[in-house]
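In: predicted model, plus sequence, below.
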Amino acid sequence: MEPGEGQEVQGRLREDMKLYHMVDLHGGGEMMTMMRHAKTSNDYSFVDHYIKTRMSEFLLNSEKGKLFAITELVSRRNKERNAKLGAFLRKKGKGKAAVNVLEGFDQNDAKTGDLKKALKLLDGGGKGGKSESKYRELNWKLEERGSMGETVVGVCLLQGSTIHNLLALRILDFYPKLLNDICTSEDYYGLSPLHQAIINHDVQMVCKLLRRGADVNQRFFSSSFLRRQHLCYGAFFCADDQKSSRTDSLEHEYVDLTMNTNYTGSVHLAFYYKKFRYLALLHSCLTQREYPLCLRD
């Protein structure tokens, strides 16, 4: 089963969401109607107006994004998983939650970049730190996400058609921070737009997202591979025989699970990331464009 199929099944239960009124799971939605007209008339002004005026209500902190404690996101993920399980299979998150420095802090008046630097010093996490960061920046409101915990860009890339890709890039022109906003659901936690472009086998889209600053450190490997270093921890990308062992800890973002597995299921998608590094290089050579430095070993 491809990722799109999994979400379509879940999505039928939530198609009344505002997000799916804009771009739905079947190639429709208000924005797709406008995009098709814009493509025919070569006039995208009304699409841009819609993006600027209607989409801002879905964004956090006046479009600046917001930092969430990992403990909050892990707790939400654990709650979603347990809601799907029978009473005898439910597992509570373990571990002790770290002190949330963000509690009582007004992020509206703070610059996200400066705040992230300060948090790295306080918790020792992030790039160059000794441990993984205890905070993650998100930009789309949690309560307005789709069935995969995705943003509007995620819905577009789930479809993966030319016109959906055009819309995704147009949205990113106005709201570039959505480029690295991940899915937050139990099944697809950590999935980013770059990962979705990779799943779609779309080398051109991969290159476009990389040129816009897609985070290549959000590696697309399941939690059975070097789990502390990779950030796509959704159940969909676990081996089938690992899914029942999935548990959360409030002390880290990755999922705890048994390491004994026969690697059946969708775990093969974990290998796409490295494959597309070389495909992106090939595409750059063929189009005589400079190979993105961020992809070089």
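Out: Yep, that arrived.

In: so which bits of stretch 202-218 are buried?
Out: Of the residues in stretch 202-218, 202-203, 205-210, 214-215, 218 count as buried by neighbour count, 16 or more other Cβ atoms under 10 Å. In short, each C-beta sits where N, CA and C put it, glycine included.

In: my error: substitute stretch 18-36 in the last question.
Out: In terms of neighbour count (16+ other Cβ under 10 Å), stretch 18-36 has its buried residues at 19-20, 22-25, 29, 31-32, 34-35.

In: which two among these are spaced furthest apart?
Out: Of all pairs drawn from the buried residues of stretch 18-36, the one with the largest separation by Cβ to Cβ is Leu25 and Met34; the distance is 17.8 Å.

In: for the record, mean pLDDT for the helix or strand Thr71 falls within?
Out: Counting by DSSP states H and E, the element that carries Thr71 is helix 70-84. Along helix 70-84, the predicted confidence averages to a pLDDT of 89.

In: export it to CSV, keeping only CA atoms.
Out: Once side chains and other backbone atoms are set aside, the C-alpha atoms of helix 70-84 remain, and they are given as CSV (Å, rounded to 0.1, in the frame of the first residue of the first chain):
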residue,chain,number,x,y,z
ILE,A,70,8.6,17.5,22.2
THR,A,71,6.8,16.1,25.2
GLU,A,72,3.6,17.7,24.0
LEU,A,73,3.9,16.3,20.5
VAL,A,74,4.9,12.8,21.8
SER,A,75,1.9,12.9,24.2
ARG,A,76,-0.5,13.7,21.3
ARG,A,77,1.0,10.9,19.3
ASN,A,78,0.7,8.4,22.1
LYS,A,79,-2.9,9.4,22.7
GLU,A,80,-3.8,8.9,19.0
ARG,A,81,-2.1,5.5,19.0
ASN,A,82,-4.0,4.3,22.1
ALA,A,83,-7.3,5.6,20.7
LYS,A,84,-6.9,3.0,17.9
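
In: that helix packs against which elements?
Out: Of the remaining helices and strands, those touching helix 70-84 by 3 or more Cβ pairs under 8 Å, 6 or more residues apart in numbering; DSSP states H and E are strand 135-138.

In: sheet partners, orientation included, of the strand it packs on?
Out: According to DSSP bridges, the neighbouring strands of strand 135-138, each with its direction, are strand 66-69 (antiparallel).

In: with just CA atoms, put the partner strand into CSV.
Out: Coordinates of each C-alpha in strand 66-69 appear next as CSV, following Å, rounded to 0.1, in the frame of the first residue of the first chain:
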residue,chain,number,x,y,z
LYS,A,66,5.7,28.3,17.0
LEU,A,67,8.0,26.1,19.0
PHE,A,68,6.4,23.1,20.7
ALA,A,69,7.9,21.0,23.5
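
In: show me where the stretch 151-297 of the chain has helices.
Out: Counting by DSSP state H, counting those that start in this stretch, the stretch 151-297 of the chain forms helices over residues 152-159, 162-174, 193-199, 203-211, 272-286, given from the N-terminal end onward.

In: can I get those helices in TSV with mean pLDDT and distance to Glu137?
Out: Putting the helices of the stretch 151-297 of the chain into TSV (pLDDT from 0 to 100; distance: least, Cβ to Cβ, whole Å) gives the following:
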stretch	mean pLDDT	distance to Glu137
helix 152-159	98	15
helix 162-174	98	16
helix 193-199	90	15
helix 203-211	89	17
helix 272-286	55	21
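
In: need the ones you listed in CSV with distance to Ser249, can you?
Out: Rendered in CSV, the data for the helices of the stretch 151-297 of the chain read as follows (distance: least, Cβ to Cβ, whole Å):
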stretch, distance to Ser249
helix 152-159, 26
helix 162-174, 33
helix 193-199, 23
helix 203-211, 31
helix 272-286, 25
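
In: just the buried residues of stretch 202-218 now: which is nearest Lys134?
Out: The nearest member of the buried residues of stretch 202-218 to Lys134, counting by Cβ to Cβ, is Gln218 at 16.8 Å.

In: what's the mean pLDDT across stretch 46-62?
Out: Stretch 46-62 comes out with an average pLDDT of 96.

In: buried ones in it?
Out: Within stretch 46-62, the residues scored as buried using 16+ other Cβ under 10 Å are 47-48, 51, 55, 58-61.
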